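Asker: quick one: sequence plus predicted model below, questions after.
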Amino acid sequence: MIKSLILSLFFLFLLFFPKPVFAGTLSNVSDTITTSRPSSSASLASDQPTNSTQATIIDNGSIFLASDSGTLIGDQGEVYNAVTISSISPQNTPSQNQRIVYFAQSAPNSHHKGDSLTVPIKAMHTIKFTTATVIPSGGKIIISFQGGANTSASPSASTFAFNGLSEPVVKVNNANCSFTVQSPSITCTLSSQVLQNTTITIFLGCSAQTAGFCNIQAPTLINPTKTGVIGISDIWSVSLTTQDTTGNIIDTADTRVGIIESVQLKAVIPPSLTFTISGINNNAPINSGNTKGCTNTESTNTGLSSTATTLNLGSLSTGSINISAQLLTVTTNSQNGYVLSATSSGHLTNLSSGAWLSDSTTPQSMTSGTTWFGIHPCGLDTDQSLWGSGQTGGGAGAKYSWPTKTGNITLASRSNGPISSSLIEGEGLVSVEYAATIDSSVPAGVYSSTITYSATPTF
């Protein structure tokens, strides 16, 4: 009798005091962000006048990088100014505790001491986990960020700023959800059940996803500012909870996100320039070695090959135009190209008699039997509207000029770089044709001159 009474009481206890249900643990939980760089926010150390191209800030460790898009935020009705950062001054001594941030353009409105200069750093979050228990249709997945609610677009050290995060840029794989966003949490309400051991991926800041990969990123959440020691990450907690239809917790898990300064890399590539002059053989085309840039196939005809430092036009006569040539090659890693110019010691002159062949610093055509002497550059980098093209006797024939001691002439130029014939075949190559002809009035003798070429890169 007593045993029966005890058993009855035991079953009644089980009936009215059921065994507690303990939540399980989600597995393989992670939150991967597209950038862990902290947002930057610093107060102005002094009043800033209108149209200023810089701001003095209190150095709180915030890092402003070139090309950052920043905002000057006022707290007394000042107009917000969007600015692009160009550079920041080196850190001062601790007693000064100030730095100067330079802008790529002026900020039109004034701001007072204490206003903020901010650079919000946006990131996409990829949250992934594997269920431990079935989540029923109508159940929920809740993602909660550490810290208080913050939906503003200003960088904050209290949590990840949601910055207007909304359902169009919240995507999920392996679950059917309708999302509710209320900082600091995102809630997925399921329209169908999710089975045990299902890997779910939720993107915060993604416009389209396929099979667990974001196709169109739309980073929205703003990273917190840094509060700790430079070089040591601030660690933020992100918690995940699954619930049934009545709000009872099914499974939970936490993950961590690190926010740490970017590593600023620098490297120096020294400016480079090579400039060579090469001879061209007799009876060879003027465009030897430069067939893509120079179309003049006229051949040298002096009977003498040129070298890098010597050139002989041979015996001049009234019935022909004597032609020799050299190939000039310029390479440089300058982004702004180069200019090739020349000066000379003077006219092609007979030093004994003082007689000289006619020439001009302005390019002119040459006709056999009419005294003229000069050079003609040919190549991709030459100005054909100035120098003409083709051969000496053509309708659009080559034009020739000769520099003076003080009046240099430009033979070729390019405004973009780097310059290398391996990048664009023919660039940096200039075929220089030397030509002379005389009439019967020119005195006999040996005529000579010297030309000096100069290749100047623009860095």
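Answerer: Cool, the structure landed.

Asker: pLDDT weak spots in the stretch 1-150 of the chain?
Answerer: Screening the stretch 1-150 of the chain residue by residue with the criterion pLDDT under 70, one finds the ranges 1-23, 93-95.

Asker: tell me where it has helices.
Answerer: In chain order, the stretch 1-150 of the chain shows helices spanning 2-16, with DSSP state H, counting those that start in this stretch as the criterion.

Asker: strands of that one, start to end?
Answerer: Taking DSSP state E, counting those that start in this stretch to define them, one finds strands in the stretch 1-150 of the chain at 24-25, 27-33, 40-43, 52-58, 69-73, 81-88, 98-107, 116-119, 122-123, 125-130, 140-145.

Asker: tabulate these (TSV), appending mean neighbour count and distance to T456.
Answerer: All C-beta spots, glycine's among them, are computed from the backbone N, C-alpha and C. As requested, those are arranged in TSV below (neighbours: other CB atoms under 10 Å; distance: least, CB to CB, whole Å):
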stretch	mean neighbour count	distance to T456
strand 24-25	14	70
strand 27-33	16	48
strand 40-43	22	41
strand 52-58	19	31
strand 69-73	18	37
strand 81-88	17	28
strand 98-107	17	29
strand 116-119	23	40
strand 122-123	21	45
strand 125-130	21	52
strand 140-145	21	58
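
Asker: in CSV, list the ones you listed along with distance to D234.
Answerer: Formatted as CSV, the strands of the stretch 1-150 of the chain follow (distance: least, CB to CB, whole Å):
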stretch, distance to D234
strand 24-25, 25
strand 27-33, 13
strand 40-43, 14
strand 52-58, 20
strand 69-73, 21
strand 81-88, 21
strand 98-107, 21
strand 116-119, 17
strand 122-123, 14
strand 125-130, 16
strand 140-145, 13
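
Asker: which one of those strands lies closest to N296?
Answerer: Taking CB to CB, strand 98-107 is the member of the strands of the stretch 1-150 of the chain nearest to N296, at 46.1 Å.

Asker: what packs against that closest one?
Answerer: Strand 98-107 is packed against strand 52-58, strand 81-88, with contacts defined by 3 or more CB pairs under 8 Å, 6 or more residues apart in numbering; DSSP states H and E.

Asker: measure how it sits relative to strand 81-88, angle-wise.
Answerer: Here strand 98-107 points in a direction 130 degrees away from that of strand 81-88 (axes from the mean of the first three to the mean of the last three CA atoms, to 10 degrees).

Asker: tell me which strands strand 98-107 pairs with, and in which orientation.
Answerer: strand 52-58 (antiparallel), strand 81-88 (antiparallel) (DSSP bridges).

Asker: off-centre distance for that strand?
Answerer: When distances are taken as CA atoms, centre = their mean, to the nearest Å, strand 98-107 is centred 21 Å away from the chain's centroid.

Asker: with only the CA atoms kept, save it in CSV.
Answerer: Coordinates of the C-alpha atoms in strand 98-107 are reproduced here as CSV (Å, rounded to 0.1, in the frame of the first residue of the first chain):
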residue,chain,number,x,y,z
GLN,A,98,47.6,66.5,-32.6
ARG,A,99,47.9,65.7,-36.3
ILE,A,100,46.9,67.4,-39.6
VAL,A,101,44.7,65.7,-42.1
TYR,A,102,45.0,67.1,-45.6
PHE,A,103,42.1,67.1,-48.1
ALA,A,104,42.2,66.5,-51.9
GLN,A,105,39.8,69.5,-52.2
SER,A,106,38.7,72.3,-50.0
ALA,A,107,35.8,72.0,-47.5
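
Asker: what residues go with each domain of this protein?
Answerer: As assigned by automatic domain parsing, the chain contains the domains 22-35+122-259, 40-119, 273-457.
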